[in-house]
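[1] okay, sequence plus prediction incoming.
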Amino acid sequence: MPRQPSSDGASSACLARASRHPFTAPMDPGFLASREFVDHALLTMFSSNFIGIVFARSIHYQFYVWYFHSLGYLAYRARFPVLLSLAVLLGIEYCYNVFPATPATSAALQCCHILLLASLWLVPVRKTHLKVA
């Protein structure tokens, strides 16, 4: 038998508030616009997509379109020195611009991917504090 909602009015008050502000009701609206929240959301989405590309069983040229726009941000968050960031980004760009792919370019691409992924894994994540309204 499904659980019946309580009759104390808390459920209806919560639903009324959520209907007025569907995307910001549980949190402080200022937090959603903060740099901290935007950084966390970008890192979550971009790194999830990047992990999928790294562990894909095959590399296709159209994959580059799916994640090229996020590589600069991921290299920034990996805290590489500037020259190493440029080397990794240019290495990935070069590997995708060689057609047909060779074993050397495939290995170089995987090395760049693994280096970027490992550095993202090892960099400490800034803690975000959700501010409940």
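    Looks like it came in fine. Residues are numbered from 1 along each chain as shown.

[2] now the helices for this structure?
    Using DSSP state H, the helices of the chain run over 10-20, 29-32, 35-54, 63-77, 82-97, 103-122.

[3] now those helices as JSON lines including mean pLDDT?
    Supplementary listing: the helices of the chain in JSON lines, determined by pLDDT from 0 to 100:
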{"stretch": "helix 10-20", "mean pLDDT": "63"}
{"stretch": "helix 29-32", "mean pLDDT": "57"}
{"stretch": "helix 35-54", "mean pLDDT": "85"}
{"stretch": "helix 63-77", "mean pLDDT": "87"}
{"stretch": "helix 82-97", "mean pLDDT": "91"}
{"stretch": "helix 103-122", "mean pLDDT": "91"}
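
[4] quick one: contacts of stretch 82-92?
    64, 71-72, 75-76, 78, 80, 108-109, 111-113, 115-116 (CB atoms under 8 Å, 6 or more residues apart in numbering). Placement of C-beta: from N, CA and C, glycine included.

[5] filter the residues you listed down to the buried ones.
    For the contacts of stretch 82-92, a burial check counting by 16 or more other CB atoms under 10 Å picks out 64, 71, 75, 78, 80, 108, 109, 112, 113, 115, 116.

[6] which members of those residues are the farthest-apart pair?
    Distances among those were taken as CB to CB; the most separated pair is 64 and 80, at 19.9 Å.
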